[in-house]
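# just to be clear, the model below is a prediction. Sequence and coordinates:
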Amino acid sequence: MSELSIAISIAGLFGSISSIVFAYLAFKRNETNDAKEQGENTGEIQADIQYIVKMLSTLEQSLVKLEDKERQMLERLAKVEQCLTMLQQERRDKQWK
């Protein structure tokens, strides 16, 4: 073999090895970026879930307050109806006398 063919073979081997190394490095870089993006997405999803849980808790507290107010209003309405019934009964009793 001539020196030129040996030099070309070595250059080709060096080119092949360097392309493999660069491909591996690019793969690792993309893998790191993919992991970073996945971590960001996971973090965003967790933050959204925490926000939803917090809002549901707030809505639940508001619902409890509304239910209490509704119960109080129904109690007051029942008392008014009872009073009205008593007044109507008294009025009937006075008319019959």
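The structure has been received and is ready for your questions. Computed from a predicted structure; not experimentally measured.
# please, which helix or strand holds the residue nearest the centre of the chain?
The chain has Ile49 as the residue nearest its centroid, 2.3 Å off, counting by CA atoms, centre = their mean. Counting by DSSP states H and E, the element that carries Ile49 is helix 3-96.
# centre of the chain to that helix, how far?
1 Å (CA atoms, centre = their mean, to the nearest Å).
# state the mean pLDDT of it.
If you average the pLDDT over helix 3-96, you get 88.
# what about Leu74, how many neighbours?
10 (other CB atoms under 10 Å). To be clear about C-beta, it is placed using only N, CA and C from the backbone, and glycine gets the same treatment.
# which residues touch it?
Listed by CB atoms under 8 Å, 6 or more residues apart in numbering, Leu74 has no contact partners.
# please report how far it lies from Ser57.
Distance of Leu74 to Ser57, given as CB to CB, to the nearest Å: 26 Å.
# how close does the residue nearest to the centre of the chain get to Glu60?
Using CB to CB, Ile49 is found at 16 Å from Glu60.
# no further queries at this time; thank you.
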